[in-house]
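*Asks:* Build the 3D model from these lines:
(chains A and B)
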Protein chains: 2
Amino acid sequence: MKIALAGIGKIARDQHVPAIRASRDWELAATVSRHGTVEGVESFSNIAALLDARPDIETISLCLPPVPRFASAVAAIGAGRNVMLEKPPGATLTECRTLETMAREAGVSIFATWHSREAAQVAAAKAWLADRRILRLKITWKEDVRRWHPGQAWIWQPGGLGVFDPGINALSILTEILPDPIHIASATLSFPENCETPIAADLIFAHPSGAQATAEFDFRQQGEQTWTIEIETTAGSLRLLDGGAKLLIDGVIQEVPCGANGPLNGEYPRLYAKMATLAGSRGIDMDLTPMALVADAFLLGRRVVVEPFHE
Amino acid sequence: MKIALAGIGKIARDQHVPAIRASRDWELAATVSRHGTVEGVESFSNIAALLDARPDIETISLCLPPVPRFASAVAAIGAGRNVMLEKPPGATLTECRTLETMAREAGVSIFATWHSREAAQVAAAKAWLADRRILRLKITWKEDVRRWHPGQAWIWQPGGLGVFDPGINALSILTEILPDPIHIASATLSFPENCETPIAADLIFAHPSGAQATAEFDFRQQGEQTWTIEIETTAGSLRLLDGGAKLLIDGVIQEVPCGANGPLNGEYPRLYAKMATLAGSRGIDMDLTPMALVADAFLLGRRVVVEPFHE
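*Replies:* Model (predicted):
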């Protein structure tokens, strides 16, 4: 099946292009970007030109920043194409629900992807937690924005999410592995005085059985980078490290399951395999729970102003 | 049917108690409040005491502020009672979805009420707009917080919504009457430097046919108070005034429909009539669209700090 990739930036080069190239399902038939291109692939400078020139390409993968993504998605669905959305699926919850409705009416597939849910040990963590009672839960998601998001000025503009751009990955794992629903009880968001989005956030969750549950997101981390979820239960403890790649149960590192080392190894290859299945069945997968938690944090959060951020 | 009212503050006295007393469906059998009581009605100081003492009361109407409402709703659903929620239905979107899931599993009714949708001319405005193409749309919702929300300190605390507490009424009407989906394209939120929620907000919506659509919310309005939605279409113009009570089409005031003057006259009487129907059929009505728009405004909004507010 032919696919086009719109938005040729860091995440497209680092993840999407290699995943599509390694896939048995997909052929990278075109790209859309104002500046970026992929060697050997036909390129267009805007989505309308692509949709007009290449009716043979049935699926469009959108990895533009969240704010401009909506218009491209509307154009693609309007032209009867399947759409795959990099996370977060849009700048607002309501626009994502509109896209879902449009896709349903047009009879095309739409997939709000959450790449961190495809990390190697997420499924194992979910299985282990399924019948356990949680006592304490702590998310620590601390990274150096200068190292991982160079030149991504949109992160600091309205709709760019700030530290929730990586933080939403933690929330996507959390909502996948927990057997119980969880919501945000309180939040403190730290906004640099020259930015429209937070550089750090502290969240306190409400858990139905009263478990103590917190998250700490920070974009200012020097030295060691941390993407960890720690959970204590009445029957042992779990540590999910490196964004879901490693799992420790009661301090013992767990083997990565066989499936995760097969031809679908890696987060993005698994996303593209899922998209192939969805496209084949006109399926819709638009779980917005991680994004609703982020919106809730903004809705409920205390705002603290901190020193300006300059890349 | 017996009903209990939890949260005896201004909105309970002004609206809920008279609506229940005028209803043929309901008998006000008890109240729950730390301080407030209603003359001649048994009162409890906490919801657990009510649920324990009065298993005969099958429905609980919650008009506490949004933050403490969740715990009461969980207790009521857990005790197998139907729940009616004053707007907004909670402090976060996610907790509202959790309540809906719990109610479904418990086989009880839950109703997220939007009283402004029951205003006398909302249904007529919806019918008039159904087959029209919108060119321009403007919401002006300006009121004096000191006059309408005396002593409601929770409005300025996290989760209290600030000017979105009345503004969500406009959004509930908007999402009821528009034939097309709409979402927030950009927002500016003005936070008093001593408050956690905005005192004013300017919203720009994205409309599928490119209509110019805006909303202006302000809590600092002196003199005339304004709750207006104005819509220009290719086939005439509409003005919905006084929060939906009055309707002008092409400048001509429209008669209030007969039904709106019958026994179900008034916003809250209609809400309680709907709750009676839901309770009779174990129905669920949890449209969170107005609240999602508010969360989106917080998520996407530019923050401006303005002078402190003191009641």
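
*Asks:* what does chain A put close to chain B?
*Replies:* A:70, A:74, A:91-95, A:97-98, A:101, A:158-159, A:181-184, A:186-187, A:191, A:196, A:206, A:208, A:289, A:292-296, A:298-303 (C-beta under 8 Å from any C-beta of the partner chain). Backbone N, C-alpha and C define where each C-beta goes, glycine included.

*Asks:* Show me just the buried residues among those.
*Replies:* A:70, A:74, A:91-95, A:97-98, A:158-159, A:181-184, A:186-187, A:191, A:196, A:206, A:289, A:292-296, A:298-301, A:303 (16 or more other C-beta atoms under 10 Å in any protein chain shown).

*Asks:* Select from the residues of chain A next to chain B every entry located in helices.
*Replies:* A:70, A:74, A:93-95, A:97-98, A:101, A:289, A:292-296, A:298-300 (DSSP state H).

*Asks:* Can you give the domain ranges for chain A?
*Replies:* Dividing chain A into domains by automatic domain parsing, as the record does, gives the ranges A:2-112, A:117-257+A:294-306.

*Asks:* which phi and psi does A:Leu51 have?
*Replies:* phi -60, psi -40 (degrees, to the nearest 10).

*Asks:* Next, count neighbours for it.
*Replies:* Using other C-beta atoms under 10 Å in any protein chain shown, the number of residues around A:Leu51 comes to 21.

*Asks:* Now do the same contact list for it.
*Replies:* With contact taken as C-beta atoms under 8 Å, 6 or more residues apart in numbering or on different chains, A:Leu51 is in contact with A:75-76, A:79, A:81.

*Asks:* pLDDT score assigned to it?
*Replies:* pLDDT for A:Leu51: 98.

*Asks:* where's it relative to B:Asp25, distance?
*Replies:* To B:Asp25, A:Leu51 is 54 Å away according to C-beta to C-beta, to the nearest Å.

*Asks:* try A:Lys274
*Replies:* 49 Å.

*Asks:* Which residue is the nearest non-sequential neighbour of A:Asn169?
*Replies:* Leaving aside its sequence neighbours, A:Asn169 sits nearest to A:Ser116 (C-beta to C-beta, 6 or more residues apart in numbering or on different chains; 3.9 Å).

*Asks:* I'd say that neighbour and A:Arg270 touch.
*Replies:* No. The pair A:Ser116 and A:Arg270 does not pass the contact test of C-beta atoms under 8 Å, sitting 11.1 Å apart.

*Asks:* With neighbour numbers in mind, choose between the two.
*Replies:* A:Ser116 (23 against 20).

*Asks:* can I assume that one sits in a helix?
*Replies:* Yes. Assigned with DSSP: H, G, I helix; E, B strand; the rest coil, A:Ser116 falls within a helix.

*Asks:* how far out from the middle of the chain is stretch A:66-80?
*Replies:* 18 Å (C-alpha atoms, centre = their mean, to the nearest Å).

*Asks:* Just to check, A:Phe217 is in contact with A:Ile168?
*Replies:* No. Shown here, A:Phe217 and A:Ile168 do not form a contact pair, counting by C-beta under 8 Å, at 9.4 Å.

*Asks:* Between these two, which has more neighbouring residues?
*Replies:* A:Phe217 (28 against 22).

*Asks:* what bridges to the more buried one?
*Replies:* For A:Phe217, the beta-bridge partners are A:Trp141, A:Ala201 (DSSP bridges).

*Asks:* Any figure for the gap between it and A:Ile231?
*Replies:* 17 Å.

*Asks:* Same check on A:Asp165?
*Replies:* For A:Asp165 relative to A:Ile231 (C-beta to C-beta), the value is 24 Å.

*Asks:* Name the next helix or strand downstream of the one helix or strand in chain A whose mean pLDDT sits lowest, please.
*Replies:* Every helix and strand in chain A was compared by mean pLDDT, DSSP states H and E; the lowest is helix A:10-11, with a mean of 90. Using DSSP states H and E, the helix or strand that follows helix A:10-11 towards the C-terminus is helix A:17-22.

*Asks:* For the following helix or strand past that next one, which outside residues touch it?
*Replies:* Later in the chain than helix A:17-22, the nearest helix or strand by DSSP H and E is strand A:27-32. Here strand A:27-32 makes contact (C-beta under 8 Å, 6+ apart) with A:1-8, A:17, A:20-21, A:37-38, A:41-47, A:49-50, A:54, A:56-57, A:72.
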